[in-house]
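# Let me see the structure of the following:
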Amino acid sequence: MAVSEILSADVVLIGPGNLYCSILPNLIIEEIKNALLKTKALIIFNCNLINRVGQTEGYDLDQYVDIVNQYLGRDRVDAVTINSTPLNDFVGNLSIKERDIVRFDRKKKPSRNFKVFAFDLLEKEGAFFSQADEIAYIRSPIRHNGEKVGRAVIEIYNKMRS
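Numbering: from 1, shown residues only. This next block holds a predicted model:
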C-alpha cells in the first residue's frame, strides 16, 4: 500500500522526526527506498527544529539531507524546509541549548541539489507531557505546527511545479 501511494503521490514529505530511529529505518526498506527513487513526486524533507542529544548533536540542515540522500543511494531530496522563527524565547526557558538548534548556512554548500525554503514552522505553545510519560525527558518540548507545515508544503509545491 505505501509503495503505491508513494508512486502516485504529488508530494512526499519526509520528517520531522528522530533521524536514526524514525526516518532512516523507513528508508532501508527496499520497497520504500525504490519507490522514493522511482516516484515523480516532489520529495520535501521537513528538517527538525532541534538536534537530539547523543545522536545528531551539532548537525546542520545539510548534514540531515546528506544522510537521507546517502540512505536513498543518490540525491533525491528536491526541497527542504527550515524554521525561520527564532527559538530564543525557548532557549534558556527549557532544556534547549543554543547548540541544539538546527542551523542552515546558505554559503556552506553552494552546489546543493535541493532548494531550501525558510518558513515560520514553530508551534508557539511548548509541548507538555504527561507525568506518566517515563521518557518525556528525552522528548523535544519544541514542535512544528502542523498547519504551518502544510501551508509551507503547498507553497513549495506551487513554486517548484509551476
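
# CA only for contacts and neighbour counts going forward, please
Will do.

# Which stretches in the protein count as helices?
2-8, 24-27, 30-38, 61-72, 146-161 (DSSP state H).

# ok now do the residue minimising distance to the centre of the chain, which residues does it touch?
Nearest to the geometric centre of the chain sits residue 47, at 2.4 Å (C-alpha atoms, centre = their mean). Taking C-alpha atoms under 8 Å, 6 or more residues apart in numbering as the contact definition, residue 47 lies against 15, 16, 61, 64, 80, 81, 82.

# Dump the helices of the chain to TSV, plus mean pLDDT.
Converted to TSV, the helices of the chain look like this (pLDDT from 0 to 100):
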stretch	mean pLDDT
helix 2-8	97
helix 24-27	97
helix 30-38	98
helix 61-72	97
helix 146-161	96
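
# Please identify which of those helices is closest to residue 103.
Of all those, helix 61-72 sits nearest to residue 103, with 6.1 Å by C-alpha to C-alpha.

# What are the contacting residues of that closest one?
Contacts for helix 61-72 (C-alpha under 8 Å, 6+ apart): 19, 24, 27-28, 33, 36-37, 45, 47, 75-77, 82, 102-104, 109.

# coming back round to it: most neighbours, which of the contacts of residue 47?
Greatest neighbour count in the contacts of residue 47, by other C-alpha atoms under 10 Å, goes to residue 81: 25 neighbours.

# Among the contacts of residue 47, which one sits closest to residue 4?
The closest of the contacts of residue 47, once distances to residue 4 are taken by C-alpha to C-alpha, is residue 15, at 19.6 Å.
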